[in-house]
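Enquirer: My questions concern the predicted model and sequence given below.
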Amino acid sequence: MVRLAHLWDMSRCVACMACVIACNSANFPEYMRSSNPNPQWSWLASNIKVWWISVGGRPRVLLTQCMQCDNAPCVKACPTKASHYDPKTGLVTIDYRLCIGCKACVVACPYGARWMDPESHMPNKCLGPECSSRIENGLKPVCVTVCPANARDFGDLDDPESSISRRVRESTTIRLREELGTKPRNVVVLRGG
């Protein structure tokens, strides 16, 4: 079984926002010129949500996106099964032919990782259309490829030889809000190995 996931290394991230801008330009080019295309986040139309937090009195960035949960509340909440696990990749995805725009998936996500497109009124999430295409062709998502600090990775957690598996083994990591029982795959590195 393939268990694809993202890794974000907080200890390496320089908060340049290259990943956010790359997600916006690759997956939502129609919103590149808009001043506030994501009214829910008051930010760019991107599948990466930016949080500013205080750590020891100093500002730090926390970047989140779909956690690709193995027990995804959004999949359970979807009345039409539009939110589902892709049979080829195992990733949580949306079949827009089935989606009715009811927002149940947006409300159900405890990570706030879904947002409603202001024009189509349909939910968006990571992975966007361009990144999904890249995965199908054996490439990594744009956020991973543009990161100048090598703070991002993507791959199969079940492959012990994958770069993401090696980084997880060699680092101090957490998975956000594990106590909710969502079984998030995405990994946050607190201290690299």
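Expert: Alright, I've got the coordinates. This structure is a prediction, so every number in the text was calculated from the model and none was measured.
Enquirer: Which strand or helix spans the nearest residue to residue 100 once chain neighbours are set aside?
Expert: Leaving aside its sequence neighbours, residue 100 sits nearest to residue 80 (Cβ to Cβ, 6 or more residues apart in numbering; 5.8 Å). Every residue, glycine included, has its C-beta placed from N, CA and C. Assigned by DSSP states H and E, residue 80 falls within no helix or strand.
Enquirer: Adjust the sequence numbering to begin at 655 for everything that follows.
Expert: Okay, using 655 as the starting number, the last item reads as residue 734.
Enquirer: Next one: residue 734 from residue 814, what distance?
Expert: Plainly put, residue 734 is 37 Å away from residue 814 if you go by Cβ to Cβ, to the nearest Å.
Enquirer: the more surrounded of these two?
Expert: Between residue 734 and residue 814, residue 734 has the larger neighbour count (other Cβ atoms under 10 Å), namely 13 against 9.
Enquirer: Need the pLDDT of that one.
Expert: Residue 734 is assigned 98 on the pLDDT scale.
Enquirer: Also residue 715?
Expert: Looking at residue 715, its pLDDT reads 90.
Enquirer: same deal with residue 712?
Expert: 85.
Enquirer: That one: neighbouring residues, count only.
Expert: 7.
Enquirer: just to revisit the earlier point, check the gap between the residue nearest to residue 754 and residue 769 for me.
Expert: Look at residue 734 and residue 769: by Cβ to Cβ, they are 19 Å apart.
Enquirer: Likewise for residue 790?
Expert: Per Cβ to Cβ, residue 790 is found 23 Å from residue 769.
Enquirer: just the strands in this structure please.
Expert: Counting by DSSP state E, the chain has strands at residues 658-663, 703-709, 712-718, 737-739, 746-748, 769-770, 777-778, 806-810, 826-828, 841-845.
Enquirer: Output the ones you listed in CSV; the columns should cover distance to residue 694.
Expert: Converted to CSV, these look like this (distance: least, Cβ to Cβ, whole Å):
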stretch, distance to residue 694
strand 658-663, 21
strand 703-709, 9
strand 712-718, 14
strand 737-739, 17
strand 746-748, 16
strand 769-770, 5
strand 777-778, 10
strand 806-810, 23
strand 826-828, 25
strand 841-845, 22
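Enquirer: Residue 819: which of these is closest?
Expert: Comparing those against residue 819 with Cβ to Cβ, the closest turns out to be strand 806-810 (7.2 Å).
Enquirer: how far is that closest one from where the chain is centred?
Expert: When distances are taken as Cα atoms, centre = their mean, to the nearest Å, strand 806-810 is centred 11 Å away from the chain's centroid.
Enquirer: residues contacting the residue nearest in space to the middle of the chain?
Expert: Centroid check for the chain by Cα atoms, centre = their mean gives residue 719 as the closest residue, at 2.9 Å. If you count contacts by Cβ atoms under 8 Å, 6 or more residues apart in numbering, residue 719 has them with 660, 701, 702, 703, 767, 779, 780, 840.
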